[in-house]
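>>> Fold the following.
(one chain, ligands or ions: 2)
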Amino acid sequence: MTSESSFLQGARLNPEQESAVTSGARFLRVLAGAGSGKTRVLVHRAAFLIKECGISPYEILAVTFTNKAANEMRNRIADLCDAPVKGMWVGTFHGLAHRFLRIHFRDAGLDEPFQIMDTDDQLRMLKRIHKEMQIQDADFTPKQSMGFINREKDEGRYPASGTGMDRQTRLMQEVYQRYQDLCDQSSLVDFAELLLRSLKLFENNPAIADFYQRKFAHILVDEFQDTNAIQFKWLQALLGHDNALTIVGDDDQSIYGWRGAQIENILRFSEKYPETETVRLEQNYRSTKSIIGAANGVISCNIDRLGKALWTAGEQGEPVQLYAAYNEIDESKFIVERIAHFKSKGIPYRKQAILYRSNAQSRVMEEALLHARVPYRIYGGQRFFDRAEIKSAMAYLRLIALPEDDAAFERVINFPARGLGDRSVQTIRDAANAQQISMWQAASRLIEHKALSARAHNSLVQFIELIKGLQTTGQGITLSELVSAMLSRTQLVQAYAKESQEQRQAREENLKELVSAASSFNSITDFEQEDFLDPSMRDMAEDDGFLPIRPKVVEPSNDAKVPAALAAFLDHVSLESGEMQASQDSDAVQMMTIHASKGLEFPVVFLAGLEEGLFPSQMSMNETGRIEEERRLCYVGITRAEQYLTISYAESRRIYGEERRTRISRFVREIPSEFLKEIRLGSVVKPVYHARQQESSLPSGQPASAPNDGSVKVGDRVMHRAFGEGIVLATEGRDARMRVQVNFTRAGSKWLMANVAKLEVLS
Ligand code: ATP
Ligand code: MG
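Numbers count the residues shown, from 1 in each chain. Ligands and ions are numbered 1, 2, ... in the order given. Next up, the predicted model:
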């Protein structure tokens, strides 16, 4: 292929990158370290194929791991070659699998409209199954069942029965079978099922597989090191006789082993496809020398790796800053102050990211940000759509779209309370189980046969009328109007009447936010059903004669019609992770777990909670393999930073409801000292004898005062509730972040956070 093109001249690519972008190899693998331009190569390769090789944008299938990365990739390809964004096959594995299922639902054995079920619904259903099958938690918990089922699906397996299984496995398989039956009955598809089912779709329908193998001339996959068994099989199903596959990845960034990712997929790729051409990239274009030095130092402690040298021609930059916080509150306040500092230096909030190992760390951070009125946005984690009131509202919307959705039915049948107690709900459940029908249908039959108490009967009738009424209303109005109507008719807000004013207000605001989310969805999305097809497919579909093009309006099983917008909105909410929480472009600090930060980059990065037991996580600490995976995660975190990286840890942390003394993470110690600088706050440590001298000169009769007004001074005699009396030896920092060292008569010397310690200054 030519390298003289104007497209390539305009693109900044080094020779190795260019050779990958223009490679004519059918199987191409780019194996390279963080920030070396792998994603850039992938995007440019797509654009090169479109602009220079006459490939249509619809003949490219590009896959990555997060919605955010997929959006970025789609926009970058579109920008580079003025291609239409709409209809392009760029997405996550789940998103793309979902698209296939929406187009071929019949061939995939699904009813329309099927609905996507999240982990919460999954767990709820499994709890119910455990109860029904009388499985004790001592045997295994619903959560364990969920893990088992998801793992089986990730390995591409449906429930199995058979000999040779131990009792527990057999029982788990039975749970899996029951679960699968219930899902099928309610037309529910969980996340793992999206992939498994679309794989089965291709396996069972060779004509469909063949169609896509011909359609997609090029398959491009980013972050390939984290593909699991089913994802790789899924890609292979789309690989025909002559379409090409490009994969890019970094073995040092494989961080999903715990979820079944198989690093061999990338390492052994060339054994599977001997014609593979491999390109290696070593120059990092993202980070300063200090950051690369820190990252290299950490990752070199892993034994099991290919070993790549990563270098940068960039500037040295500031050393990585390390802050030892007194506790997690101090840590978050410190981070917020640093953010303000960078902002004052001209770095907007959206270019600053706080990364953490565990979602549980985000709450304290959020509080500090809220307090300081710094806007922020959380990706993943406790998403907007995961909040209780939003989930209930969504359950109503799901019922409007599909009354057979048992998970949604269970969630709101008696919420807000309408006098349908556990007994009545159990009666409905039993009837549904006995007749193998949905709870909605069972409820209708119970009403018909007047099988419930008068009170329950009336409540149930009202509930069913409520949903049916909303279905009818929903036909003539916009999505946001439907959401408003649902909120007012269900009186969802009233369900929280007993909560504190503050909580109620927060919930109310969130529900209002849902209305605006729906209205912005209204305006950004054109939800014609054919959108699942791209324009090129209409002709191909007609030629092939088997692609069902969906009708414009979805026909649910009852006689009410549901606007397509609602179905599209529900899908969107299930598949996107928090993307609608705040406007995409608003200037907000970016918060996410390190796992979710994969592939992204930010000028300023904070890595919080570098403590043994948190990062590396407690569970990983006894296994070499898992420690290495944690270390790769640390490498991912460090290499997200372009210019400034700040690492922090707390000497004491309250997490999962328990206060713990902590030790600094081994990963911090693995950073070569030349790239690391510890920062301490304005320290005013004074020698002890000096304090003693001051003690005698304290004015007598001075009233006891709260310490957080800054009135604790070296030499003060103080009283602490637990430790008793002591003398202040040193103070550090100021105001709310002031730390004091106190020598307690009984308990010895301790550092305390002045405003939390509630020290009383004695006269
Ligand atoms: P990760 O492993 O973290 O996913 P990556 O290998 O995918 O990283 P990219 O995100 O593609 O790396 O690139 C890192 C940064 O370097 C991007 O900002 C990219 O635009 C820039 N970059 C890559 N190659 C070049 C180049 N040849 N000239 C200038 N900038 C480049
Ligand atoms: Mg990348």
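
>>> what domains does the record give for this structure?
The chain breaks down by automatic domain parsing into domains covering 6-105+195-282, 115-186, 292-381+583-678, 385-521+556-579, 684-761.

>>> Now do the SS call for the residue nearest to residue 634 when sequence neighbours are not counted.
Once flanking residues are discounted, residue 634 sits nearest to residue 667: 4.5 Å by Cβ to Cβ, 6 or more residues apart in numbering. Every C-beta, even on glycine, is put in place using the N, C-alpha and C of the backbone. Under DSSP: H, G, I helix; E, B strand; the rest coil, residue 667 falls in the helix class.

>>> For residue 277, see how far away residue 667 is.
For residue 667, the distance to residue 277 equals 35 Å [Cβ to Cβ, to the nearest Å].

>>> Those two - which one has more neighbours?
Neighbour count, other Cβ atoms under 10 Å: between residue 667 and residue 277, residue 667 has more, with 27 against 17.

>>> pretty sure the more buried one contacts residue 298?
Yes. Taking contacts as Cβ atoms under 8 Å, residue 667 lies within contact range of residue 298: 5.5 Å.

>>> what separates residue 410 from residue 469, distance-wise?
Here the criterion is Cβ to Cβ. By it, residue 410 lies 21 Å from residue 469.

>>> Looking at these two now, which is surrounded by more residues?
Shown here are residue 410 and residue 469; by other Cβ under 10 Å, residue 410 has more neighbours (19 against 14).

>>> Which residues are in contact with the more buried one?
The contact partners of residue 410, by Cβ atoms under 8 Å, 6 or more residues apart in numbering, come to 124, 128, 425, 429, 439.

>>> Would you mind putting the residues you listed into a markdown table with secondary structure alongside?
Shown next, in a markdown table, are those (three-state DSSP):
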| residue | secondary structure |
| --- | --- |
| 124 | helix |
| 128 | helix |
| 425 | helix |
| 429 | helix |
| 439 | helix |
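
>>> which one of these is nearest residue 332?
Set against residue 332, the nearest of the contacts of residue 410 by Cβ to Cβ is residue 124 (32.5 Å).

>>> Tell me how many other residues surround the closest one.
Neighbours of residue 124 (other Cβ under 10 Å): 17.

>>> Model confidence score at residue 304, please.
On the pLDDT scale, residue 304 is placed at 76.

>>> Would you mind naming what in the stretch 201-350 of the chain lies close to ligand 1?
Residues of the stretch 201-350 of the chain lying close to ligand 1 by Cβ under 6 Å from any ligand atom are 250, 253, 285-286.

>>> Most neighbours of all these, which one?
residue 250 (28 neighbours).

>>> if I pick that residue, what's in contact with it?
Neighbouring residues of residue 250 by Cβ under 8 Å, 6+ apart: 31-34, 38, 225, 308.

>>> What is the burial count for the residue in the stretch 501-650 of the chain that ligand 2 sits nearest to?
With Cβ to the ion as the measure, residue 599 is the residue of the stretch 501-650 of the chain nearest to ligand 2, at 4.2 Å. Counted with other Cβ under 10 Å, residues neighbouring residue 599 total 20.

>>> Excluding chain neighbours, what is closest to it?
Once flanking residues are discounted, residue 599 sits nearest to residue 69: 4.8 Å by Cβ to Cβ, 6+ apart.

>>> what residues are up against residue 222?
38-39, 42, 62-65, 69, 73, 248-249, 599.

>>> about what we covered before: kindly reformat the domains of the chain as TSV containing distance to residue 534.
Formatted as TSV, these follow (distance: least, Cβ to Cβ, whole Å):
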stretch	distance to residue 534
domain 6-105+195-282	3
domain 115-186	22
domain 292-381+583-678	23
domain 385-521+556-579	16
domain 684-761	55
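
>>> which of these has the lowest average pLDDT?
domain 684-761 - the lowest mean pLDDT of these, at a mean of 60.

>>> just checking, what's the longest strand in this protein?
Identified as the longest strand of the chain according to DSSP state E is strand 641-655.

>>> Name the residues of this structure found near ligand 2, please.
Within the chain, the positions near ligand 2 by Cβ under 5 Å from the ion are 38-39, 599.

>>> same thing but 6 Å
When proximity is defined as Cβ under 6 Å from the ion, the chain approaches ligand 2 at 38-39, 222, 599.

>>> Filter those residues down to the ones in helices?
Counting by DSSP state H, the part of the residues of the chain next to ligand 2 found in helices is 38-39.

>>> Spatially nearest residue to the residue of the chain found nearest ligand 2, not counting backbone neighbours?
Here the chain gets closest to ligand 2 at one residue, residue 39, 3.2 Å apart by Cβ to the ion. In this structure, residue 39 finds its nearest non-sequential neighbour in residue 222, 5.6 Å apart by Cβ to Cβ, 6+ apart.

>>> From residue 244, how far off is that neighbour?
Counting by Cβ to Cβ, the gap from residue 222 to residue 244 is 15 Å.

>>> now the helices for the stretch 201-350 of the chain?
For the stretch 201-350 of the chain, the helices defined by DSSP state H, counting those that start in this stretch occupy 206-215, 229-237, 264-267, 269-272, 289-299, 328-344.

>>> Run through the residues that contact the nearest residue to residue 720 once chain neighbours are set aside.
Distances taken as Cβ to Cβ, 6+ apart put residue 759 closest to residue 720, at 5.7 Å, once the chain neighbours are dropped. Going by Cβ under 8 Å, 6+ apart, residue 759 touches 707, 712, 718-720, 740, 742, 752.

>>> Then residue 319?
For residue 319, the contact set (Cβ under 8 Å, 6+ apart) comprises 290, 674-677.

>>> Switch those over to CSV; also include secondary structure and neighbour count.
Output for the contacts of residue 319, formatted as CSV (DSSP: H, G, I helix; E, B strand; the rest coil; neighbours: other Cβ atoms under 10 Å):
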residue, secondary structure, neighbour count
290, helix, 26
674, helix, 11
675, helix, 22
676, strand, 19
677, strand, 12
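
>>> Name the nearest of these relative to ligand 1.
residue 290 (16.8 Å; Cβ to the nearest ligand atom).

>>> Show me where the stretch 251-400 of the chain has its strands.
For the stretch 251-400 of the chain, the strands defined by DSSP state E, counting those that start in this stretch cover 277-281, 283-284, 311-312, 320-327, 352-356, 376-378.

>>> for the stretch 601-750 of the chain, same thing?
Secondary structure of the stretch 601-750 of the chain (DSSP E, counting those that start in this stretch): strands at 602-608, 641-655, 658-661, 676-679, 717-720, 724-732, 739-744, 748-753.

>>> Pretty sure the residue of the chain closest to ligand 2 sits against residue 249.
No. Contact criterion Cβ under 8 Å: residue 39 and residue 249 do not qualify, at 10.4 Å.

>>> what about those two, which has more around it?
Using other Cβ under 10 Å, the more surrounded residue of residue 39 and residue 249 is residue 249, with 24 against 21.

>>> how about the more buried one, what does it touch?
Residues counted as contacts of residue 249 (Cβ under 8 Å, 6+ apart) are 30-31, 38, 222-226, 266.

>>> 7 Å instead?
Neighbouring residues of residue 249 by Cβ atoms under 7 Å, 6 or more residues apart in numbering: 31, 223-225, 266.

>>> of all those, which two lie farthest apart?
Using Cβ to Cβ, the two most remote members of the contacts of residue 249 are 31 and 223, lying 12.3 Å apart.

>>> Of those two, which one has the most company?
With neighbours defined as other Cβ under 10 Å, residue 31 and residue 223 compare such that residue 223 has more, 26 against 23.

>>> what are the ranges of the strands in the stretch 451-600 of the chain?
Taking DSSP E, counting those that start in this stretch, the strands of the stretch 451-600 of the chain run over residues 589-593.

>>> interface residues of it facing ligand 1?
Within the stretch 451-600 of the chain, the positions adjacent to ligand 1 are residue 599 by Cβ under 6 Å from any ligand atom.

>>> show me where the stretch 451-600 of the chain has helices.
Under DSSP H, counting those that start in this stretch, the stretch 451-600 of the chain gives helices at 454-473, 479-490, 501-524, 535-544, 564-575.

>>> of these, which approaches residue 331 most closely?
Per Cβ to Cβ, nearest to residue 331 of the helices of the stretch 451-600 of the chain: helix 501-524, 24.4 Å.
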